[in-house]
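K.L.:
coordinates for the following, if possible.
(one chain, ligands or ions: 1)
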Amino acid sequence: MTGGMRIAIDGPAAAGKSTIAKLVAKKLGYTYIDTGAMYRAITFKVLQHAADPRSEEEIMQLISQTDIELQPGEQVQKVLLDGADVTDAIRSHEVTANVSAIAAMTAVRKLLVAKQRQLAAKSSVVMDGRDIGTSVLPEAELKIFMTASVEERAERRLLEEQQRGMSSDYETLKREISERDKADSERKISPLKKAEDAIIIDTTGKTIEEVTNSIIEYAEKRLAQ
Ligand code: DC
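P.N.:
Numbering: from 1, shown residues only. Reported below is the predicted structural model:
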């Protein structure tokens, strides 16, 4: 295979997907697409407009005219919702607590999956999420399923949130992560699931560099085929 490729990185909440995906994309010169940020942006809009998070009809009406833009940045990828910068706002506890329910709606997924496929058609991508290898890009040339123990994921998230100046505590984060994993794995449409042809990487006890390098190696092998 020559030229570019599509790399799908799926896995449970806070497994390190976005940190690693961003670095892999940078090293390969590919576009990084954080699909979780898209579900978060929609959830933010629903909460902002006080729409009923259980009413699919109300939500569809609200989001049918929504523009979501992901802008690459050195440290963080900027997220623009209808032109406004919501990069930090979509990481709030309120958005995190509601995002799984919104992401389980058929209409929401249809809208965002179409957008994700359009983005992937334009260039070589590293896309992270829950259903990339199984549903969004089933033909992706490289699929990774990234996991880590729930304890380590909660610790990493705690550190990340503290650095962002948020007040968080370990037990709450651990519970929040477990609940989100359960909801994302048990939903009817495109649940969080390893694609049959995905490579499992358990990042527990591994450094960011180790995980990044091993994905780059897989990608290089694939490109040389
Ligand atoms: O990756 P994240 O934690 O920012 O994702 C937030 C939520 O969005 C996650 O709990 C489930 C949903 N999501 C999804 O359903 N499908 C994706 N491809 C990405 C995220």
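K.L.:
confirm V126 sits in a strand?
P.N.:
Yes. According to DSSP: H, G, I helix; E, B strand; the rest coil, V126 belongs to a strand.
K.L.:
helices or strands next to the lowest-mean-pLDDT helix or strand in the chain in the packing?
P.N.:
Here the helix or strand of the chain ranked lowest by mean pLDDT, DSSP states H and E is helix 56-63, holding a mean of 88. Other helices and strands packing on helix 56-63, by 3 or more CB pairs under 8 Å, 6 or more residues apart in numbering; DSSP states H and E, are helix 35-48, helix 106-122. Glycine gets a C-beta too; all of them are placed from N, C-alpha and C.
K.L.:
which of these sits closest to the ligand?
P.N.:
The ligand sits nearest to helix 35-48 of all those, at 2.4 Å, using CB to the nearest ligand atom.
K.L.:
just the C-alpha atoms of the closest one, please, in CSV.
P.N.:
Output of helix 35-48 as CSV, limited to C-alpha atoms (Å, rounded to 0.1, in the frame of the first residue of the first chain):
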residue,chain,number,x,y,z
THR,A,35,-15.5,12.1,17.0
GLY,A,36,-16.2,12.2,20.8
ALA,A,37,-15.9,16.0,20.6
MET,A,38,-18.6,16.0,18.0
TYR,A,39,-21.0,14.1,20.2
ARG,A,40,-20.0,16.4,23.1
ALA,A,41,-20.7,19.5,21.0
ILE,A,42,-24.2,18.3,20.2
THR,A,43,-24.8,17.5,23.8
PHE,A,44,-23.6,21.0,24.8
LYS,A,45,-26.0,22.6,22.3
VAL,A,46,-28.9,20.5,23.7
LEU,A,47,-28.1,21.5,27.3
GLN,A,48,-27.5,25.2,26.3
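K.L.:
where does this protein have low pLDDT?
P.N.:
Along the chain, the model assigns pLDDT under 70 to residues 1-2.
K.L.:
show me which residues of it are close to the ligand?
P.N.:
Neighbours of the ligand within the chain, by CB under 6 Å from any ligand atom: 13, 35-36, 39-40, 99-100, 103, 129-132, 180, 184.
K.L.:
now distance to V211 too, for those residues, in TSV please.
P.N.:
Output for the residues of the chain next to the ligand, formatted as TSV (distance: CB to CB, whole Å):
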residue	distance to V211
A13	17
T35	19
G36	18
Y39	23
R40	23
V99	24
S100	25
A103	25
G129	17
R130	18
D131	21
I132	17
R180	21
D184	21
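K.L.:
just put these in TSV and tack on secondary structure and neighbour count.
P.N.:
Output for those, formatted as TSV (DSSP: H, G, I helix; E, B strand; the rest coil; neighbours: other CB atoms under 10 Å):
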residue	secondary structure	neighbour count
A13	coil	24
T35	helix	26
G36	helix	16
Y39	helix	23
R40	helix	25
V99	helix	25
S100	helix	22
A103	helix	26
G129	strand	31
R130	coil	27
D131	coil	24
I132	helix	32
R180	helix	20
D184	helix	21
